[in-house]
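Undergrad: sharing a sequence plus its predicted fold:
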Amino acid sequence: MDADERNGNRSVRAATVRERALPLAYARGSEPERLAIAVTQADYASGFRLRISFTDGKTHIVDLEPFLRAARNPAIRDFLELRKFKAFRIEYGDLMWGDYDLCFPVADLYQGKIA
């Protein structure tokens, strides 16, 4: 555990990124282009918000609290415990908790909100 983690700051970088494809616009007369979008870094911001960076260099702050509070599944509501919420990691370009106990589609994270 480093000094940042002891002070409650949490930052995770991806070691490897599996290709995740989000469709882009078709160019006239060509094959569809695809851009691999994956999570490259996630930092704890505050509350239940994370600053998430993607392979194209964009960064969004995503507030997961509304999703967690609206969840009816007690296993998901467990992540309202801040210690458990901060235990996220990046695996193959996905942001996840536990053994896929909680994981969100990269496309939703990229939009900056979880519905």
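TA: Cool, got the structure.
Undergrad: what separation do you get for residue 74 and residue 104?
TA: When distance is defined by CB to CB, to the nearest Å, residue 74 is 19 Å away from residue 104. Yep, even glycine has a C-beta here, placed from its N, CA and C like the rest.
Undergrad: ok, which stretches of the protein are strands?
TA: 11-13, 21-23, 34-36, 39-46, 49-54, 59-63, 88-91, 94-97, 102-103 (DSSP state E).
Undergrad: before we move on, back to that, residue 74 and residue 104: who's more crowded?
TA: For residue 74 versus residue 104, the count of surrounding residues by other CB atoms under 10 Å is larger for residue 104: 17 against 7.
Undergrad: quick one: residues contacting that one.
TA: When the contact criterion is CB atoms under 8 Å, 6 or more residues apart in numbering, the partners of residue 104 are 64, 95, 114.
Undergrad: reformat the strands of the chain as JSON lines; add distance to residue 79 and mean neighbour count.
TA: Below are the strands of the chain laid out as JSON lines (distance: least, CB to CB, whole Å; neighbours: other CB atoms under 10 Å):
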{"stretch": "strand 11-13", "distance to residue 79": "16", "mean neighbour count": "15"}
{"stretch": "strand 21-23", "distance to residue 79": "26", "mean neighbour count": "13"}
{"stretch": "strand 34-36", "distance to residue 79": "28", "mean neighbour count": "13"}
{"stretch": "strand 39-46", "distance to residue 79": "13", "mean neighbour count": "18"}
{"stretch": "strand 49-54", "distance to residue 79": "12", "mean neighbour count": "20"}
{"stretch": "strand 59-63", "distance to residue 79": "13", "mean neighbour count": "15"}
{"stretch": "strand 88-91", "distance to residue 79": "9", "mean neighbour count": "18"}
{"stretch": "strand 94-97", "distance to residue 79": "6", "mean neighbour count": "20"}
{"stretch": "strand 102-103", "distance to residue 79": "6", "mean neighbour count": "18"}
